[in-house]
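Asker: here is my input; please provide its structure:
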Amino acid sequence: MANRYVLIVDAGTSGPRCLVFNENADVAGACAREWSYLAEEDASPLARAFDPDVLWSSFCELITGALREAKVPPGGIAAVSVTSQRQATVFLDQAGQEIYAGPNLDLRAVFEGASIDEELGDTVYQITGHLPSFLMAPAKLRWFQLHRPDTYGKIAFALTLADWLAWRLTGTMASEPTLAGEAGLLDIHRRDWCMGLLDQM
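Answerer: Take a look at the predicted model:
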């Protein structure tokens, strides 16, 4: 049994789930639930956000449930893979405290994204390969800058939801390039952060 199983942590659009696969690629255990969102009085009715503490607790419970169903101890896991819905992002302060965690369904930045596209649309597409901007992390950053300036001033890190989960699981903060690209944070030609573009926004 030792080191023959793979754990998948999936923060998908339809809901969070965890699966355990055996060496034959069969599902040995699975656990899933529906998303729950915060109510934000100062945000648009189209806004969606997660409570980071509830989110992390939910994934801990899902992982435990999937392992229990598979009858696999943690030591039997050979590898862990984490994936998430595109454009879902988490903003952290310098100490690693979550400031915002939002799904791809968070539409708080519709107007901010439209403004970015009107000002810089051709440049944004050329650098990131993505339009429209309202779903992307830069538009959400602009929303915080305009609507919660005190909070915006504390943002030090921007991660995709999958990268945040991987950080919470491993203690290592890193970004998977294709996920960062899908969040509008990557210069796809240089495979590096699009800091120059972010500065213009």
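Asker: distance between the ends of stretch 92-101?
Answerer: 9 Å (Cα to Cα, to the nearest Å).
Asker: next: stretch 131-149.
Answerer: Distance between the boundary residues of stretch 131-149 (Cα to Cα) amounts to 25 Å.
Asker: leaving out sequence neighbours, find the closest residue to K140.
Answerer: In this structure, K140 finds its nearest non-sequential neighbour in A109, 4.9 Å apart by Cβ to Cβ, 6 or more residues apart in numbering. Where C-beta positions appear, they are placed from N, C-alpha and C, glycine not excepted.
Asker: nope, K154 is what I was after
Answerer: Excluding its sequence neighbours, the residue lying closest to K154 (Cβ to Cβ, 6+ apart) is D93, at 4.6 Å.
Asker: again with E69
Answerer: For E69, the nearest residue in space outside its immediate sequence neighbours is G29; the separation is 3.5 Å by Cβ to Cβ, 6+ apart.
Asker: in whichever strand or helix holds that neighbour, what counts as buried?
Answerer: Taking DSSP states H and E as the criterion, the element that holds G29 is strand 27-32. Taking 16 or more other Cβ atoms under 10 Å as the neighbour-count basis, strand 27-32 is seen to contain the buried residues A28, G29, A30, C31.
Asker: one more: stretch 164-178?
Answerer: Residues of stretch 164-178 classed as buried: W164, L165, A166, W167, R168, L169, S175, E176 (neighbour count, 16+ other Cβ under 10 Å).
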